[in-house]
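okay, here's the prediction I keep looking at, along with the sequence it came from:
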Amino acid sequence: MRTLLRHFFYLLYHPFAFTYDLVAATVSLGRWKDWVLSVIPFIEGIRVLEIGHGPGHLQRALLSQGVLAIGIDESAPMGRLAHRNLRRYLRSLHKANPTGPTASSDYTQIKLTRGLAQHLPFSADCFDTVVATFPADYIFDTITLEEAKRVLVSGGRFVILPGASILGRGLMDRIMAFIFRITGETPRNFSEVFQERSKKPFSKAGFTVEFNELEIRSSRVMILVATKTV
């Protein structure tokens, strides 16, 4: 099952990236964007790096708040999709207000690049927050944690949304919750498993870790906030 899922997600994130939003909205019963955007209250500062930016929904939200947002993703098709989405968004803002801040501000420009979390092409101490939503297992890689720590300022945050579970009692909610469990995406004890798996590598990498759980539209979202301490 895990092998089949890895292949499915590879196809979804690469050659079929154009279907990503539709699939994500379907399996989450319309909650996907709300889940992704739930990390915003945990983001600090105005220099933010998003690892695995996907279609660009979080990038769009950060730009709308005047944040200097940069996104990195290893998928070229996803990068093109995010760029189109953000360009369309900025064009709509400029059309609505031709003399507004989008006409010249660096904070409303598209800053996306292709790369890996294990080899971030940025200098040390240059981001207030690094954020990743629904990342794959690479997020636990020692090199990923070292790179996130390197590019963060002292006291900077590494915010991670590893998964969400559906709690609703409606028929479709129950069906999708069951599918999430049998595929291993969000098992019943997901929160405990993730916390146990995260504590040691993050602590060893020089982070203090805080776990948060939010309820959003009959679902539960887990958010890890790792603060750079050394």
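Arrived safely.

what sits up against the biggest helix by length in the chain?
Ranked by number of residues, the top helix in the chain under DSSP state H is helix 76-96. Contacts with helix 76-96, where a contact means Cβ atoms under 8 Å, 6 or more residues apart in numbering, come from 13-15, 17-18, 20, 53-57, 59-60, 63, 71, 73, 100, 102-103, 108-110, 112-114. C-beta here means a position set from N, CA and C on the backbone, and glycine is covered the same way.

can you do 10 Å?
With contact meaning Cβ atoms under 10 Å, 6 or more residues apart in numbering, helix 76-96 is reached by 12-18, 20-21, 50, 52-60, 63-64, 69, 71-73, 75, 100-103, 108-115.

got the contact list for V225?
Contacts were defined as Cβ under 10 Å, 6+ apart; by that measure V225 touches 39, 42-44, 129, 131, 157-160, 207-212.

just say helix, strand or coil for it.
Reducing the assignment to helix, strand or coil with DSSP: H, G, I helix; E, B strand; the rest coil, the entry for V225 is strand.

what helix or strand is the closest residue to it other than its chain neighbours on?
Sequence neighbours aside, E210 is the residue nearest to V225 in space, at 4.6 Å (criterion: Cβ to Cβ, 6 or more residues apart in numbering). The secondary structure element spanning E210 is strand 207-215 (assigned by DSSP states H and E).

equivalent analysis for E196, please.
E196 is located in helix 190-204, with elements delineated by DSSP H and E.

distance from the chain centre to that helix, please.
Helix 190-204 sits 18 Å away from the centroid of its parent chain (Cα atoms, centre = their mean, to the nearest Å).

go on, stretch 147-163?
On the basis of Cα atoms, centre = their mean, stretch 147-163 is displaced by 12 Å from the centre of the chain it belongs to.

again with stretch 63-76
Taking Cα atoms, centre = their mean, one finds the center of stretch 63-76 at 10 Å from the center of the full chain.

so which bits of it are buried?
Using 16 or more other Cβ atoms under 10 Å as the burial criterion, the residues of stretch 63-76 that qualify are L63, V67, L68, A69, I70, G71, I72, D73, E74, S75.
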